[in-house]
Structure formats: C-alpha cells, structure tokens
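Participant: below are the sequence and a predicted model for it; my questions follow.
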Amino acid sequence: MAGYEAVQRAPLRLKDSAGPGSKRKKKKAKDKAQILEQIVSKEEEEEEKKRGLDKRTPAQAACEKMQKQQRERILKKASKTHKQRVEEFNRHLDTLTEHPDIPKVSWTK
C-alpha cells in the first residue's frame, strides 16, 4: 500500500468547471458611445437605401427582386386551403369543352 500514498483523494476537477473557489471574468459592457454610433450608422444606411445611393450590383438587386417575388407567390399559394384550390380547379374544368375529356372505362363488363 505504500505505492498509493501519493494519490490524490479529492474529486477530479475539470478545466471549465466553475468550482466554489474559481471565479469567471465578467465581460465588459460596451461603451454607450459605441452603441449610439452603431445605431446612428444603421439609420444612415437605411437612409442611403431610401435615397437611391444603392451600392448593390445589378445581380444582387435582381436576386433580391426574385426572392421578393417568390415570397409573394408563396404567400398567395398559402392563403388558400386545399379544398378551395380543388373547387377552383373543378370550376376551371367545367368551363372547358368536353372534347379532351377522357371517357370513363367500365371494368365490370
């Protein structure tokens, strides 16, 4: 048993564990001046967009336009229920002529 005398008998301590004796450093809050500057800069960017001083490339503008159209299309499709879409489709089929209609097949003959 003489070989075990150097063994620690306390529980293992992990590096990141916050034990009773360890204190973590508090993050310093940003200066109020820096926060105000960020808010002002965001407002200026929004004003530039409104004025037409757009720094986007034509490809970026076209991409955003397409994304906006896709969002509108999705919202339009999502506004109707399945039942409403089926009823509208049936009304459309009623307006068509009977010529392209597939005749019914009787399987019981």
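Facilitator: Cool, got the structure.

Participant: all helices of this protein, in order?
Facilitator: 32-51, 58-78, 82-95 (DSSP state H).

Participant: can you list the residues that contact the second one?
Facilitator: Contacts to helix 58-78, defined as C-beta atoms under 8 Å, 6 or more residues apart in numbering, come from residues 54, 56. Backbone N, C-alpha and C define where each C-beta goes, glycine included.

Participant: next: the last one.
Facilitator: The set of residues that contact helix 82-95 without belonging to it, under C-beta under 8 Å, 6+ apart, is residue 80.

Participant: mind showing which ranges of the chain have poor pLDDT?
Facilitator: 1, 16-30, 52-53, 99-107, 109 (pLDDT under 70).

Participant: find the centremost residue of it, please.
Facilitator: Closest residue to the average C-alpha location of the chain: residue 71 at 12.6 Å, with C-alpha atoms, centre = their mean.

Participant: count of neighbours near residue 43?
Facilitator: Residue 43: 10 surrounding residues under other C-beta atoms under 10 Å.

Participant: numbering from 308 from now on, please.
Facilitator: Okay, residue one is now 308; in that scheme the one you just asked about reads as residue 350.
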